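No sequence on hand, only this structure:
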């Protein structure tokens, strides 16, 4: 089986490769093609993968190319993990927004809209090339903002593009551990959009254990979301929100923390990755794998540090698990072995507040025919309102990418719940357009 990874020079690619090395089931991935526009990053990551494969039994063959069409031909699965504009683009998105006094997180608020506007045209081009060159391939999308990108690609690939994210997986795992349950043995009731969802039930033995968790202050304080949101607010919601909802529920605090920091998260990662790629690319830093592992652990330890008051749990430093979601998804489709996974898929009739083509993030049953969303209980009004508002932002961003409409792009920024003024939205869009050459298409 052949897997193509778009964004193959990306920092997290070794996590996917590591998962593949541990998979010895029949029909596993035997060929990996890395694609990236940056040849130097490809070379650095290939060094890391070569070291990872040392001593492994029958590792998959790895090749690399900067040619998109070459990478796509013959693919059975395409894993999209692109970052248009690189980490420098993220750092600029965050700083420009914070300078205007609004949130600049890479997938939330103005920064997320800017990221979408420069990513969507590339993602749509990729979808068209997949449809032309590998029409039977399945696309697994991790490119952020994952829900928006998946929806734009679905216009060309239909249900053969499926979005994944590690946030719901991590939340469910932490909640299960706090309850003393085996994370692999629970069923999660989760619904919303990517980076905008709520865990409403943790089922084991036919019982929903979430009420027990919400009633236990000590158990809530034992994991990240419990500390992040606070027991009183979680009880008021009657659910566990995805960590990204902290930006919506505690907006002033998030903006203040961002503005008080010496540098944004994007700026920190930009500097860290420059050091890693420089060392791994030339081999001057010794082991490329060791350099990558040091950088990865530091990246995981500092994730969300601006919002946390305690160190991150050691059990959460394993990379989040998105690579295992991708592997489970590929295996379920390729071998018709049903699995239940939280995925980004077209809504169909899943959430009644949205139309059938809207991409939502919900539990799905997966088999050889693809991912089929299960219908959860309706969202409460507060969640439904937020989901509809953010979906309108996503749709405006997609319209801008397809038509080149600056007016649609302005709507995407101005309608976001975390942008509090059309005047500010205009200034943000002007600043983003000046900074990012990828936005020159907006007229």
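Right, received. Where do you want to start? Because the structure is predicted, anything quoted here is derived from the model rather than measured.

Show me which residues of the strand or helix carrying residue 299 are buried.
Taking DSSP states H and E as the criterion, residue 299 maps to helix 288-301. Using 16 or more other Cβ atoms under 10 Å as the burial criterion, the residues of helix 288-301 that qualify are 288, 289, 291, 292, 295, 296, 299. In short, each C-beta sits where N, CA and C put it, glycine included.

and the last one, what is it in contact with?
Read it as residue 299. Residue 299 sits next to 11, 269, 272 when contact means Cβ atoms under 8 Å, 6 or more residues apart in numbering.

Make JSON lines from these and add distance to residue 30 and secondary structure to it.
JSON lines is the format used below for those (distance: Cβ to Cβ, whole Å; DSSP: H, G, I helix; E, B strand; the rest coil):
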{"residue": "11", "distance to residue 30": "24", "secondary structure": "coil"}
{"residue": "269", "distance to residue 30": "32", "secondary structure": "helix"}
{"residue": "272", "distance to residue 30": "33", "secondary structure": "helix"}
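
Select from those the one having the most neighbours.
Counting neighbours by other Cβ atoms under 10 Å, the top entry in the contacts of residue 299 is residue 11, with 23 neighbours.

thinking it is in contact with residue 274, fair?
No. Under the contact definition of Cβ atoms under 8 Å, residue 11 does not touch residue 274, with a separation of 11.3 Å.

and the end-to-end length of stretch 351-371?
Terminal residues of stretch 351-371 are spaced 16 Å apart (Cα to Cα, to the nearest Å).

Would you mark the buried spots in it?
If you call a residue buried by 16+ other Cβ under 10 Å, then stretch 351-371 has these buried ones: 351, 353-354, 358-364, 366, 370-371.

thinking again about what came up before, can you tell me which helices and strands the following helix or strand past the helix holding residue 299 packs against?
Following helix 288-301 in sequence order, the next helix or strand is helix 322-335 (DSSP H and E). Using 3 or more Cβ pairs under 8 Å, 6 or more residues apart in numbering; DSSP states H and E as the contact test, the elements touching helix 322-335 are helix 13-21, strand 77-80, strand 138-141, helix 167-178, strand 339-346, strand 359-367.

re the thing from before, switch the buried residues of stretch 351-371 over to JSON lines; also include pLDDT and distance to residue 105.
Conversion of the buried residues of stretch 351-371 to JSON lines gives the following (pLDDT from 0 to 100; distance: Cβ to Cβ, whole Å):
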{"residue": "351", "pLDDT": "97", "distance to residue 105": "24"}
{"residue": "353", "pLDDT": "97", "distance to residue 105": "24"}
{"residue": "354", "pLDDT": "98", "distance to residue 105": "23"}
{"residue": "358", "pLDDT": "98", "distance to residue 105": "22"}
{"residue": "359", "pLDDT": "98", "distance to residue 105": "20"}
{"residue": "360", "pLDDT": "98", "distance to residue 105": "21"}
{"residue": "361", "pLDDT": "98", "distance to residue 105": "17"}
{"residue": "362", "pLDDT": "98", "distance to residue 105": "23"}
{"residue": "363", "pLDDT": "97", "distance to residue 105": "25"}
{"residue": "364", "pLDDT": "97", "distance to residue 105": "26"}
{"residue": "366", "pLDDT": "98", "distance to residue 105": "30"}
{"residue": "370", "pLDDT": "97", "distance to residue 105": "31"}
{"residue": "371", "pLDDT": "98", "distance to residue 105": "27"}
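
wait, which of those residues is closest to residue 278?
residue 361 (36.3 Å; Cβ to Cβ).

Give the bridge partners for that closest one, please.
Residues found in beta-bridge contact with residue 361 (criterion: DSSP bridges) are residue 192, residue 344.

Surely it and residue 191 touch.
Yes. In this structure residue 361 lies within contact range of residue 191 using Cβ under 8 Å: 7.5 Å.

overlap in contacts of these two?
Counting by Cβ under 8 Å, 6+ apart, the common neighbours of residue 361 and residue 191 are residue 197.

what ranges of the stretch 251-400 of the chain fall below the confidence cut-off?
Filtered on pLDDT under 70, the stretch 251-400 of the chain yields the residue ranges 283-285, 304-320.

List the buried residues in whichever strand or helix holds residue 212.
Residue 212 is part of helix 210-214 when elements are defined by DSSP H and E. Buried residues in helix 210-214, counting neighbours by 16+ other Cβ under 10 Å, are found at 210, 213, 214.

can I get those in a markdown table with pLDDT and distance to residue 128?
Listed next are the buried residues of helix 210-214 as a markdown table, based on pLDDT from 0 to 100; distance: Cβ to Cβ, whole Å:
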| residue | pLDDT | distance to residue 128 |
| --- | --- | --- |
| 210 | 98 | 42 |
| 213 | 98 | 45 |
| 214 | 98 | 46 |
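
in the stretch 151-300 of the chain, which spans are helices?
Assigned by DSSP state H, counting those that start in this stretch, the helices in the stretch 151-300 of the chain fall at 167-178, 210-214, 217-220, 224-229, 231-237, 246-249, 251-260, 265-282, 288-301.

Which one of the ones you listed lies nearest to residue 91?
For these, distance to residue 91 was read as Cβ to Cβ. The smallest value, 3.6 Å, belongs to helix 265-282.

what does that closest one contact?
Taking Cβ under 8 Å, 6+ apart as the rule, helix 265-282 contacts 11, 40-41, 43-45, 47-48, 87-88, 90-95, 105-106, 263, 284-286, 288, 291-292, 295, 298-299, 302, 306.

Now do the SS call for residue 376.
Under DSSP: H, G, I helix; E, B strand; the rest coil, residue 376 falls in the coil class.

which residue packs closest to it, ignoring adjacent ones?
In space, and not counting its chain neighbours, residue 376 is closest to residue 191: 4.4 Å by Cβ to Cβ, 6 or more residues apart in numbering.

Any idea how many residues pack against residue 274?
Neighbours of residue 274 (other Cβ under 10 Å): 12.

Give me the most central residue, the protein.
residue 165 (4.4 Å; Cα atoms, centre = their mean).

My read is that that one contacts residue 341, right?
No. Counting by Cβ under 8 Å, residue 341 is not a contact partner of residue 165; they are 10.6 Å apart.

Helix, strand, or coil at residue 143?
Counting by three-state DSSP, the three-state call for residue 143 is coil.

got a pLDDT number for it?
According to the predicted model, the pLDDT of residue 143 comes to 97.

Give me the number of neighbouring residues for it.
Residue 143 is flanked by 26 other residues according to other Cβ under 10 Å.
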